[in-house]
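*Asks:* Sharing a model that was predicted from the sequence below.
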Number of protein chains: 2
Amino acid sequence: MRIGELSRATGVPVPTIKYYLREGLLPQGELSSPNQASYGEPHLRRLRLIRALVELAQVPVAQVKEILESLDSDAVPLHEQIGRAHRALTPTRKPAASDEARAAATTQVTDLITRRGWSVEPEAPALGTLIETVAALRTLGQDNLVSFLDAYAEAVERFTELEIDAVSTNPTRDQLAESVVIGTILGETLISSLRLLAQESISAHRWKA
Amino acid sequence: MRIGELSRATGVPVPTIKYYLREGLLPQGELSSPNQASYGEPHLRRLRLIRALVELAQVPVAQVKEILESLDSDAVPLHEQIGRAHRALTPTRKPAASDEARAAATTQVTDLITRRGWSVEPEAPALGTLIETVAALRTLGQDNLVSFLDAYAEAVERFTELEIDAVSTNPTRDQLAESVVIGTILGETLISSLRLLAQESISAHRWKA
DNA sequence: CGTTAATGGATACTGCTACTATCCATCACG
DNA sequence: CGTGATGGATAGTAGCAGTATCCATTAACG
């Protein structure tokens, strides 16, 4: 397959594919002559994955690169691969909430984690986001929403477990890792759309006319 | 309150506040002289909301503006207000999936909606995203994840209902609308962090060393 | 009452991201 | 042999989210 066919098969413009090659998102094709390379099935799959992450899930290109690198490093254990992907997904945010608000949110969140028996290391990237979010919700006067933390956590735990079971049927380690990452990222887009639809439906029943 | 105090109270730099004023995200303060304006409690709340949406939820400034406008238009019915916010949140995406893939995804999604008895208009902004996501998942060979659509939908429906009940305790219509919008957007950040944590925990139990 | 610092308003500039566009020296194919 | 595509390099672009600068006031302190 040459670059043009790759482009036709996916709808991605040739210059964009060249850009992904430059950035190292897409591995180089095999060179048969100084200006002739051939791409295979893996390139096609990879390119589709890139587009799904960039377009649908709105993941920045730089982070897609990190995620793909974590997928390709099959020397490291699976749990660590997932950790890297998580880190790539979580922007390091400077603390915005006030100190008191964050302190309160921190205890609430750690309590929740203890209550659910989750084993989460204190440097988990998502922890900071969760704490800041809880703090922000309180500061914005939405304490009643915060009171659902447990309900959210339970629901999330339930289907994350389902998801990991499903994904565990993958034959090879590589495919398993890929499924986890795709599931994490596209799963989020999925859930978020479902949420909007559910909301629209409920809002229609409750408040329409 | 003058702009400097607003800045000190929120940690947002003065030039940034000026920028939000320029862009119409933040209403003008009351002018007492040609170069002296005073801002009140509402401005403070509004500014905090803007920062939460921009920083935590990563909503683009232009869309925050639309969302705030939908909140401020209290002449229109609540359901329509929510619809506008949803529209602001959903980027109009050009179809990326192949026609067959999208057709299949479309029937699957509409079936789901019928099954759940949701009332969703066909132009609902989230519908397109959901369909494209399902199509992408199939194209990427993740059919087993798609098989959870129903489980996701059920869980989502359950806590969306809870959420709306909670939010309905708000005394005024304005506050209700604001709560719905904050809940929709920050709730998503919340769920997404919880999901990462749950995943980390389960992955630790299952695959660590 | 004079001086210093802050303010509102306008305009310009910056850094970053995700591409596009252009060029050019090969190749492949009819 | 000519035409069009290719790989590779370099340069340019549009949009976004602020920053920076300037200016003519005005507030606040000593």
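*Replies:* Structure received. Numbers count the residues shown, from 1 in each chain, chains lettered A, B, ... in the order given.
*Asks:* which residues sit in contact with the closest residue to residue A:14 other than its chain neighbours?
*Replies:* Spatial nearest neighbour of residue A:14, excluding adjacent residues (CB to CB, 6 or more residues apart in numbering or on different chains): residue A:7 at 4.7 Å. To be clear about C-beta, it is placed using only N, CA and C from the backbone, and glycine gets the same treatment. Residues near residue A:7 by CB atoms under 8 Å, 6 or more residues apart in numbering or on different chains: A:13-14, A:17.
*Asks:* Go through those residues and flag which are in strands.
*Replies:* Members of the contacts of residue A:7 lying in strands (criterion: DSSP state E): none.
*Asks:* Show the buried residues in the residues you listed.
*Replies:* For the contacts of residue A:7, a neighbour count by 16 or more other CB atoms under 10 Å in any protein chain shown gives the buried set as residue A:17.
*Asks:* nearest to residue B:38, of the contacts of residue A:7?
*Replies:* Nearest to residue B:38, judged by CB to CB, of the contacts of residue A:7 is residue A:13 at 52.2 Å.
*Asks:* Next, see if stretch A:148-163 gets close to chain B.
*Replies:* Yes. Residues of stretch A:148-163 contacting chain B under CB under 8 Å from any CB of the partner chain: A:148-149, A:151-153, A:155-163.
*Asks:* ChimeraX command for the buried members of those?
*Replies:* ChimeraX command restricting those to the buried ones, with burial defined by 16+ other CB under 10 Å:
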select /A:148,149,152,153,155,156,157,159,160,162,163
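*Asks:* Just send the residues of stretch A:148-163 next to chain B back as TSV, with secondary structure, distance to DNA strand D and pLDDT too.
*Replies:* Shown next, in TSV, are the residues of stretch A:148-163 next to chain B (DSSP: H, G, I helix; E, B strand; the rest coil; distance: CB to the nearest atom of the strand, whole Å; pLDDT from 0 to 100):
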residue	secondary structure	distance to DNA strand D	pLDDT
A:148	coil	28	92
A:149	helix	28	96
A:151	helix	32	95
A:152	helix	27	96
A:153	helix	30	97
A:155	helix	30	95
A:156	helix	28	96
A:157	helix	33	96
A:158	helix	34	94
A:159	helix	31	91
A:160	helix	30	96
A:161	helix	35	95
A:162	helix	35	93
A:163	helix	31	94
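*Asks:* Count the residues that sit near residue A:104.
*Replies:* Residue A:104 has 16 neighbours, counted by other CB atoms under 10 Å in any protein chain shown.
*Asks:* what about it, distance to residue A:138?
*Replies:* Here residue A:104 is placed at a distance of 7 Å from residue A:138 (CB to CB, to the nearest Å).
*Asks:* mind checking how far the longest helix seen in chain A is from the chain centre?
*Replies:* Criterion DSSP state H: the longest helix present in chain A is helix A:173-207. With CA atoms, centre = their mean, to the nearest Å as the basis, helix A:173-207 stands 11 Å off its chain's centre.
*Asks:* Show me what that helix is packed against.
*Replies:* Under the contact criterion of 3 or more CB pairs under 8 Å, 6 or more residues apart in numbering or on different chains; DSSP states H and E, helix A:173-207 touches helix A:61-72, helix A:78-89, helix A:149-167, helix B:78-89, helix B:125-139, helix B:143-146, helix B:149-167, helix B:173-207.
*Asks:* Around DNA strand C, pick out the residues from chain A.
*Replies:* Residues of chain A lying near DNA strand C by CB under 7 Å from any atom of the strand: A:13, A:15-16, A:18-19, A:32-36, A:54, A:60-62.
*Asks:* Got a ChimeraX select line for the buried ones in those residues?
*Replies:* ChimeraX command restricting the residues of chain A next to DNA strand C to the buried ones, with burial defined by 16+ other CB under 10 Å:
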select /A:54
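*Asks:* and DNA strand D, which of the residues of chain A next to DNA strand C contact it?
*Replies:* When contact is defined as CB under 7 Å from any atom of the strand, the residues of chain A next to DNA strand C meet DNA strand D at A:18, A:34-36.
*Asks:* now the residues you listed in CSV, with pLDDT and secondary structure?
*Replies:* Output for those, formatted as CSV (pLDDT from 0 to 100; DSSP: H, G, I helix; E, B strand; the rest coil):
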residue, pLDDT, secondary structure
A:18, 98, helix
A:34, 87, coil
A:35, 89, coil
A:36, 94, strand
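*Asks:* any idea which of those residues is the one closest to residue B:207?
*Replies:* When those are compared against residue B:207 (criterion: CB to CB), the nearest one is residue A:18, at 37.0 Å.
*Asks:* So that closest one sits against residue A:3, correct?
*Replies:* Yes. At 7.4 Å, residue A:18 counts as touching residue A:3 under the criterion of CB atoms under 8 Å.
*Asks:* What score does residue A:207 have for pLDDT?
*Replies:* Looking at residue A:207, its pLDDT stands at 93.
*Asks:* Please name the residues that touch it.
*Replies:* Counting by CB under 8 Å, 6+ apart, residue A:207 touches B:77-79.
*Asks:* Many thanks, I have nothing further to ask.
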